[in-house]
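Visitor: With the input below, show me the fold.
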Amino acid sequence: MQVDQNGNRKFLVEVLRLNLLHHPNIVNIIGYCADRDHRLLVYKYMPLGSLKDYIQDPSPSKKQLDWDTRMKIAIEVAKGLEFLHDKAQPPVIHCNINCYNILLDEGYHAKLSGFSLAKLGPIGGKHHVYIKFQGVIGYSAPEYVMTGELSVKSDIYNFGVVLLEIFTGRKAMENSTDGDEHNLVEWLRYFCSYNNSQNFNGMLIFPFSLKLSFKLVPLHLVKWWTLKNVVECLSNPPKMHVSSPPKVVHFWMI
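Guide: Residues are numbered from 1 along each chain as shown. Below you'll find the model as predicted:
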């Protein structure tokens, strides 16, 4: 890629971040090239591409992901984020979790990439930092978009949107037939408010034949959540069977 001075700074930040972060669910950097205004990162080859190739724009040649594989990917991404937030010192806020930046290795092992926007988390007892918004509309937490307030909770919201994409097959932002953009989170709020199951159009891939309703955790409760909570919830989903009576599944949108 060609870069200006600001792009060069982001490139160097990504190189340094990846060189210091080592985890099974974070992409490994092998090397980099800087030639005049051209910059190139060298990663281990990810033969299965990105999650976007399977969720947002699946081609006929791509295998449709079954429920177990989707859950596996979600859990591994959560573990990678948990490492960034709880194990890295100082903590790292990714700032750009989306289907493009989740790469898939053999066996559909998920690897986080795309660290050019990553920031060091707050230290010294502080809970957030303020920066100019640089994320992606539809994925980014509302307080980050509106005020530039950034914390590890911003990544958790980000990841919640990715989970919705994984579980519904819809994009974070979609263009409708009337030309307007529809936000996935707002779409789900509408579904919850009116229990309008017709809007799913068979896109959910839950392995049980049940009428589902989703309950969003109010945004003010997000402060109580950590990636450790998320990993535990994803690793221990509700046990349901086709023969079970209809029941409510609580999807914690965080």
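
Visitor: Could you tell me how many residues sit around Ser235?
Guide: The local packing of Ser235 (other Cβ atoms under 10 Å) involves 12 other residues. (Each C-beta comes from the backbone N, C-alpha and C, glycine too.)

Visitor: In the stretch 51-200 of the chain, what residue spans correspond to strands?
Guide: For the stretch 51-200 of the chain, the strands defined by DSSP state E, counting those that start in this stretch occupy 92-93, 102-105, 109-112, 119-120, 129-130, 149-150, 173-175, 181-183.

Visitor: State the distance from Leu20 to Ala88.
Guide: For Leu20, the distance to Ala88 equals 8 Å [Cβ to Cβ, to the nearest Å].

Visitor: circling back to that earlier point, arrange the strands of the stretch 51-200 of the chain in CSV, one row each, with mean pLDDT, distance to Val230 and mean neighbour count as further columns.
Guide: Shown next, in CSV, are the strands of the stretch 51-200 of the chain (pLDDT from 0 to 100; distance: least, Cβ to Cβ, whole Å; neighbours: other Cβ atoms under 10 Å):
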stretch, mean pLDDT, distance to Val230, mean neighbour count
strand 92-93, 89, 15, 25
strand 102-105, 96, 15, 22
strand 109-112, 96, 14, 22
strand 119-120, 83, 20, 17
strand 129-130, 72, 22, 12
strand 149-150, 83, 19, 22
strand 173-175, 73, 23, 13
strand 181-183, 70, 21, 14
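
Visitor: okay, Leu20 and Ala88: which has more neighbours?
Guide: Neighbour count, other Cβ under 10 Å: between Leu20 and Ala88, Ala88 has more, with 17 against 10.

Visitor: Where does the prediction get shaky in the stretch 51-200 of the chain?
Guide: Scanning the stretch 51-200 of the chain with the threshold set as pLDDT under 70 gives 57, 122-128, 175-181, 191-200.

Visitor: at 80 what do you get?
Guide: For the stretch 51-200 of the chain, applying pLDDT under 80 flags the ranges 56-63, 116, 121-137, 143, 148, 168-169, 174-183, 186-200.

Visitor: Which parts of it are helices?
Guide: Assigned by DSSP state H, counting those that start in this stretch, the stretch 51-200 of the chain shows helices spanning 52-55, 67-82, 142-147, 152-168, 184-194.

Visitor: Just name the most buried of these.
Guide: Counting by mean count of other Cβ atoms under 10 Å, helix 152-168 has the highest mean neighbour count of the helices of the stretch 51-200 of the chain, with a mean of 23.

Visitor: Tell me which other helices or strands it touches.
Guide: helix 67-82, strand 92-93, helix 142-147, helix 184-194, helix 227-235 (3 or more Cβ pairs under 8 Å, 6 or more residues apart in numbering; DSSP states H and E).

Visitor: circling back to that earlier point, any chance of CSV for the strands of the stretch 51-200 of the chain, columns distance to Glu232?
Guide: Converted to CSV, those look like this (distance: least, Cβ to Cβ, whole Å):
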stretch, distance to Glu232
strand 92-93, 21
strand 102-105, 20
strand 109-112, 18
strand 119-120, 26
strand 129-130, 27
strand 149-150, 25
strand 173-175, 29
strand 181-183, 28
